[in-house]
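In: I would like the atomic coordinates for the input below:
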Amino acid sequence: MRRRSRLATWIASSGYASGDGCDGSGITSGSLYRSVWFVPLVSPSARGYRFYFFSREEPRLHVHVQHADGEAKFWLEPDIELAQNYGLRADHVELAEQLIREHQDEIRAAWQKHFPS
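Out: A predicted model of the protein is given here:
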């Protein structure tokens, strides 16, 4: 049996998954869905990875990454670094960090759009 991701568990437990066309796992990239913002990365190497922010979380610039085998959180300030890992294999952490470095301008722009202050 496959373990439910932290994101899917949070969406389902918050009640956001019912009645709005969301099953807790199929939120469209780039869409604002109450308190979760998915960052659309246009990159063939980003396939299988989702990058997102939670609205009600700490103000320090960071991004969450979800993949089939786990999730992680990366700080973007003052430097890009792994903050927490929730089951991602080492090679997936490395690729996620590489994608964040390659797309940090897009991620920062998405952060500024979502958190305009």
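In: for this protein, what spans make up the strands?
Out: Assigned by DSSP state E, the chain shows strands spanning 32-33, 36-39, 50-54, 62-67, 70-75, 81-86.
In: hey, C-alpha coordinates of the third one in CSV?
Out: This points to strand 50-54. These are the backbone C-alpha positions of strand 50-54, laid out as CSV (Å, rounded to 0.1, in the frame of the first residue of the first chain):
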residue,chain,number,x,y,z
ARG,A,50,5.9,19.4,-7.7
PHE,A,51,7.0,22.7,-6.1
TYR,A,52,4.7,24.5,-3.8
PHE,A,53,4.2,27.0,-0.9
PHE,A,54,1.8,26.9,2.0
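In: just for the protein, where's the confidence low?
Out: Within the chain, the stretches with pLDDT under 70 are 1-36, 41-45.
In: need the longest helix for it.
Out: Longest helix in the chain, counting residues (DSSP state H): helix 90-102.
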